[in-house]
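Asker: sharing a model that was predicted from the sequence below.
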Amino acid sequence: MATNSIKLLAPDVHRGLAELVAKRLGLKLTDTKLIRDPTGEVSFSIQESVRDQDIFIITQIGAGVVNDRVLELLVMINACKTASARRITSVLPNFPYARQDRKDKSRAPITAKLMADMLTTAGCDHVVTMDLHASQIQGFFDVPVDNLYAEPSVVRYIRENINFSEAIIISPDAGGAKRAAALADRLDLNFALIHKERARANEISKMVLVGDVTDKICIIVDDMADTCGTLAKAAEVLLENRAKSVIAIVTHGVLSGKAIQNINNSKLDKVVCTSTVPFEEKMKLCPKLAVIDVSAVLAESIRRLHNGESISYLFKHSPL
């Protein structure tokens, strides 16, 4: 691959995924300097020329300091734009504010649209993300958006680590039924659904299982795990219905609030998350956590975009 016109940038925190991507591409992360003054303002500079370069900014955004990471990303994009970069691509595996994709009550903002506007105003020419909470978010942008899928990597993990001939795919809610059905088809497995009845917002009063999980290894699949209360309760419901064991596989392991406590106290055998969100420190506190590395998918997408190749191959295949 020609590397004389490509630069990889990453913020000074949570650089693990970016370093893995750079290693797979045979590149080094571009030298940058980011300083936070006592007031919290960000000062950023690029320590080498990026004029007429193809720039990819790889940013992992997890729980707790989302707004700080977003502003740092905007500052980095704008610095590249004013330094005359040829094209600026924001690689955001976990798109922030993706759950605020619609006006679900009076006088509420559509913050995912605001995120899209801020990225493009800062100077972003292209966005690469993974498993958007709602695919229509791509329509909020006036620049191209490539929404990659974790499904090929999840399929590989299940085949290599789980006796999937005895497994069944579970959707924890009706909204995830399409995702679960697609994964079940890829693995030639049955799937079941858990219906949630809510007494009020963020409080589940009852869960009803639709399907038979007797003596099955239940694989709960979801796009995001936040406090993991739903996953813990779903595991109880499945085991009450004579399931053999329960494993959860989610794309974005945000793991905020009491998530680690909920997982450790739950009947889940394992919670597997992709590396779109940094949670290395949390793995030390929770032996049930495991990770699926998606750096190969991101690296291959960057290589293909830089060379003007199609990335649709990655929608169904996971690179080695």
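Answerer: Sure thing, it's come through. Residues are numbered from 1 along each chain as shown.

Asker: residue 264 - how many residues pack around it?
Answerer: Residue 264 is flanked by 16 other residues according to other C-beta atoms under 10 Å. No exception for glycine: its C-beta is placed from N, CA and C like everyone else's.

Asker: that one contacts residue 286, correct?
Answerer: Yes - counting by C-beta atoms under 8 Å, residue 286 is a contact partner of residue 264 at 5.7 Å.

Asker: and the closest residue to residue 45 other than its chain neighbours, backbone torsions?
Answerer: Distances taken as C-beta to C-beta, 6 or more residues apart in numbering place residue 33 nearest to residue 45, at 5.0 Å, with adjacent residues excluded. Torsion angles at residue 33 (phi, psi; degrees, to the nearest 10) stand at phi -140, psi 120.

Asker: burial count for residue 33?
Answerer: Residue 33: 10 neighbours (other C-beta under 10 Å).

Asker: look at it and report its pLDDT.
Answerer: pLDDT recorded at residue 33 is 94.

Asker: spit out the contact partners of it.
Answerer: Shown in contact with residue 33 (C-beta atoms under 8 Å, 6 or more residues apart in numbering): 44, 45, 47.

Asker: and the gap between it and residue 44?
Answerer: 7 Å (C-beta to C-beta, to the nearest Å).

Asker: now swap in residue 296 and tell me
Answerer: From residue 296 across to residue 44, the span is 29 Å (C-beta to C-beta).

Asker: related to what we said a few turns ago, of the contacts of residue 33, keep whichever come out buried.
Answerer: With burial judged by 16 or more other C-beta atoms under 10 Å, the buried subset of those is residue 44.

Asker: from the contacts of residue 33, which is closest to residue 130?
Answerer: residue 44 (25.0 Å; C-beta to C-beta).

Asker: can you give me the domain boundaries for this structure?
Answerer: 6-149+295-315, 151-292 (automatic domain parsing).

Asker: weakest of those domains by average pLDDT?
Answerer: domain 151-292 (a mean of 91).

Asker: now do the same end-to-end measure for it.
Answerer: One end of domain 151-292 to the other measures 11 Å (C-alpha to C-alpha, to the nearest Å).

Asker: rewinding a little: overlap in contacts of residue 33 and residue 44?
Answerer: Joint contacts of residue 33 and residue 44 (C-beta under 8 Å, 6+ apart) do not exist.
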